[in-house]
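J.: take a look and give me a structure for this.
(chains A and B)
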Amino acid sequence: MKIATYNVNGVNGRLPVLLRWLKETTPDVVCLQELKAPQEKFPEAAIQDAGYHAIWHGQKSWNGVAILSRSGQPKEVRRVLPGDPEDSHSRYIEAMIGDVLVGCLYLPNGNPAPGPKFDYKLRWFERLTLHAKEVLASGIPAVLTGDYNVMPTEKDVYKPERWVEDALFRPETRAAFKTLTAQGWTDAIRKLHPDETIYTFWDYFRNAYGRNAGLRIDHFLLSPQLASRLKAAGVDREVRGWEKSSDHAPVWIELTGTGRNPLISPPSH
DNA sequence: ATGGCTCCATACTGGAGA
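T.: Residues are numbered from 1 along each chain as shown, chains lettered A, B, ... in the order given. Next comes the predicted model:
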């Protein structure tokens, strides 16, 4: 079972790139962020033609998240992160895909920091951490994936000293990520590639992609039940070099088993 | 340190992104 996450930066503006990537890599499950489209403007027909069932939570101009699945309709669990009825941003959607709970998230950027946007980011992070604890307590195999807007360590940014004041790298932000993972979540990319330089985002300025001046901010956090099924993980880096690409690249993991019913999975010889 | 690029909105410019 292959699960991917991709901050598309405009699902309609990037549709040719998205469809080409789906066709070439055929992930079983895809989490999308930054749809930048209202609910009724999601390109449902094109996604269906590509072989995917989808649920999504759109929003005019900004934000917006979706979950795509090749193996039947995702069973939606929620489309709002609990904890703040006043929060109007479409930044979270969650579904069961087979035996796996998939949480798709777009954590706030938080710049400029300090300030109200940074406060919102940290509050959102606290809500995510509370929810993640309940997910772990449920014992359901779970993955929380998406654009976390956090570089967890200095290894995850091309020039750490330039980013220490930035909302994506400030001590409070890194501490929040650490608090979350300390509940028992596994950072899938780092688990399999502990020392590699791996980025998932390169900005549009100053030839950042060409210079590999990137950030690792899109993550997969796995519950213990899924961490033990982790087989492979990587970044489809070349997609960032395509014409009209998002500033993020897709990130993916592969789990053993189909995700449909672990009790009747075929033997692996 | 700054500005560079690209999206969307209802538009010939501005906000947001990271």
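J.: you'd agree A:Arg79 is up against A:His57?
T.: Yes. If you go by CB atoms under 8 Å, A:Arg79 and A:His57 touch, sitting 4.4 Å apart. In this view, the C-beta of every residue, glycine as well, is placed from N, C-alpha and C.
J.: now do the shared contacts for those two.
T.: By the contact definition CB atoms under 8 Å, 6 or more residues apart in numbering, A:Arg79 and A:His57 are jointly contacted by A:90, A:92-93.
J.: turn the buried ones among these into a named ChimeraX selection, would you?
T.: Buried members of those can be picked out in ChimeraX with the line below, counting by 16 or more other CB atoms under 10 Å:
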select /A:90,92,93
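J.: just curious, which of the shared contacts of A:Arg79 and A:His57 is nearest to DNA strand B?
T.: Among these, A:Ser90 lies closest to DNA strand B (CB to the nearest atom of the strand), at 11.9 Å.
J.: how many other residues sit next to the nearest residue to that closest one once chain neighbours are set aside?
T.: Residue nearest to A:Ser90 in three dimensions, not counting chain neighbours: A:Gln59, with 4.0 Å by CB to CB, 6 or more residues apart in numbering. Around A:Gln59 sit 18 other residues, with neighbours defined as other CB atoms under 10 Å.
J.: please apply the same query to the one 10 residues further on.
T.: Neighbouring residues of A:Ser69 were enumerated by other CB under 10 Å; the total is 24.
J.: same check, this time on A:Val251
T.: Neighbours of A:Val251 (other CB under 10 Å): 29.
J.: state the distance from it to DNA strand B.
T.: Remark: distance between A:Val251 and DNA strand B (CB to the nearest atom of the strand, to the nearest Å) = 14 Å.
J.: who in chain A is up against DNA strand B?
T.: A:7, A:9-10, A:12-14, A:34, A:36-38, A:41, A:60-62, A:108-109, A:111-112, A:117, A:147, A:149, A:168, A:201, A:203-206, A:215, A:217, A:244, A:247-248 (CB under 7 Å from any atom of the strand).
J.: give me the buried subset of the residues you listed.
T.: Among the residues of chain A next to DNA strand B, the ones that count as buried (16+ other CB under 10 Å) are A:7, A:9, A:14, A:34, A:36-37, A:108-109, A:147, A:149, A:168, A:201, A:215, A:217, A:247-248.
J.: now, which of those lie within strands?
T.: A:7, A:147 (DSSP state E).
J.: can you tell me which of the buried ones among the residues of chain A next to DNA strand B is nearest A:Arg127?
T.: A:Pro108 (10.9 Å; CB to CB).
J.: for A:Pro250, see how far away the spatially closest residue to the closest one that is not a sequence neighbour is.
T.: Nearest residue to A:Pro108, sequence neighbours excluded (CB to CB, 6+ apart): A:Lys121, at 4.2 Å. A:Lys121 sits 24 Å away from A:Pro250 when distances are taken as CB to CB, to the nearest Å.
J.: with A:Arg206 instead?
T.: According to CB to CB, A:Arg206 and A:Pro250 sit 23 Å apart.
J.: same question, A:Pro108
T.: 21 Å.
J.: show me the shaky parts of chain A.
T.: A:258-269 (pLDDT under 70).
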